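Have a look at this prediction, sequence included:
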Amino acid sequence: MDPTTQSAPSHMGLPVTARYLMAACTVLAPATVVAAIFLHPVELGVEGVDAIAQFDAQRDSYLLIAWLFAVSTFFWVVAILTLGRVARYYSRTLGLVGMVIAFGLAIPVSLNYEDLSYIALENNLEPETIVALFASADQLPSGILGVVWLAGLVGLILLGIAILRGKGAPKWAGVALIIAPLGIPASWFAASALVFYTAWVVLTAGFAGYAIDLVRHGNDVP
């Protein structure tokens with residue numbers, strides 16, 4: 001724990017049930033995304049009309065995916081709070097900054113192109129028309145603010161660095177939160193499904209490490 005960290009009085013500690021619920025949500029947040037991505041009808045790296053064609057071929061399966069993404073939004077809010085809580089135990093300032101930035105992953109500010117594809121195809125729009133809609137949507141704030149999600153990855157890296165500064169911290173979890181956010185965008189550019197899934201599995205493991213630490217130090221974390 002760094003000098004800026006102060007342990008909270010015992011009466012401010014989380015109840016055992018709350019700790020376990022937060023820990024469960026922290027693991028489920030990335031896990032539900034991994035499940036949704038695994039079921040996604042469009043292959044990584046496919047774009048434009050080809051992506052719409054793949055989506056249309058398995059359109060009926062998207063409802064389950066949409067529900068997984070919707071439920072994961074709740075999990076992500078709790079997960080970021082958990083990560084921040086644990087990180088602040090080891091480095092109060094860095095943990096707080098990382099948590100605030102990481103909320104870019106939890107807040108749905110960007111346009112959901114999958115939902116737009118589903119609605120457009122349900123209304124018999126042509127793939128070329130849908131691609132044109134995407135191009136127009138990119139000019140809206142919801143399209144531009146997609147970069148907020150990338151900023152959220154930077155927040156995770158800061159949370160990973162924060163936990164590495166603490167004594168007795170699960171260092172492997174901190175390393176996972178530094179490596180995985182770098183691997184996710186790298187997999188997009190490389191169009192590598194292997195790198196993509198590996199990054200998300202590593203991220204899930206890192207989240208699990210923070211969840212375990214919350215359960216262990218729930219009465220001490222501010």
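Great, that's in hand. Residues are numbered from 1 along each chain as shown.

where does the chain have low pLDDT?
1-13, 41-46, 109-111, 140, 142-146, 218-222 (pLDDT under 70).

Need the single longest helix in it, by residues.
helix 62-90 (DSSP state H).

Show the subsequent helix or strand relative to that helix.
Stepping forward along the backbone from helix 62-90, the first helix or strand reached (DSSP states H and E) is helix 92-102.

Now do that following helix: which elements does it pack against?
Judged by 3 or more C-beta pairs under 8 Å, 6 or more residues apart in numbering; DSSP states H and E, the packing partners of helix 92-102 are helix 62-90, helix 147-164. Just so you know, the C-beta spots here come from the backbone N, C-alpha and C atoms, and that holds for glycine as well.

E128 is nearest to which of the ones you listed?
For the helices and strands packed on helix 92-102, proximity to E128 was assessed by C-beta to C-beta; helix 62-90 is nearest, at 20.2 Å.

tell me which residues of the closest one are tucked away?
Judged by neighbour count using 16 or more other C-beta atoms under 10 Å, the buried positions of helix 62-90 are 62, 65, 68-69, 72, 75-90.

Ignoring the adjacent residues along the chain, who's closest to the residue nearest the centre of the chain?
A centroid search over the chain (C-alpha atoms, centre = their mean) returns L105, at 5.1 Å, as the residue closest to the centre. Excluding its sequence neighbours, the residue lying closest to L105 (C-beta to C-beta, 6 or more residues apart in numbering) is G152, at 3.4 Å.

so what's that neighbour up against?
Contact analysis of G152 by C-beta atoms under 8 Å, 6 or more residues apart in numbering lists 101-106.

most neighbours, which of these?
A102 (27 neighbours; other C-beta atoms under 10 Å).

Quick check, it in contact with I80.
Yes. The criterion here is C-beta atoms under 8 Å, and A102 meets it with I80 at 5.0 Å.

nearest spatial neighbour of G104, skipping sequence neighbours?
G152 (3.2 Å).

Find the residues that touch each one of A102 and I80.
Joint contacts of A102 and I80 (C-beta under 8 Å, 6+ apart) are G155.
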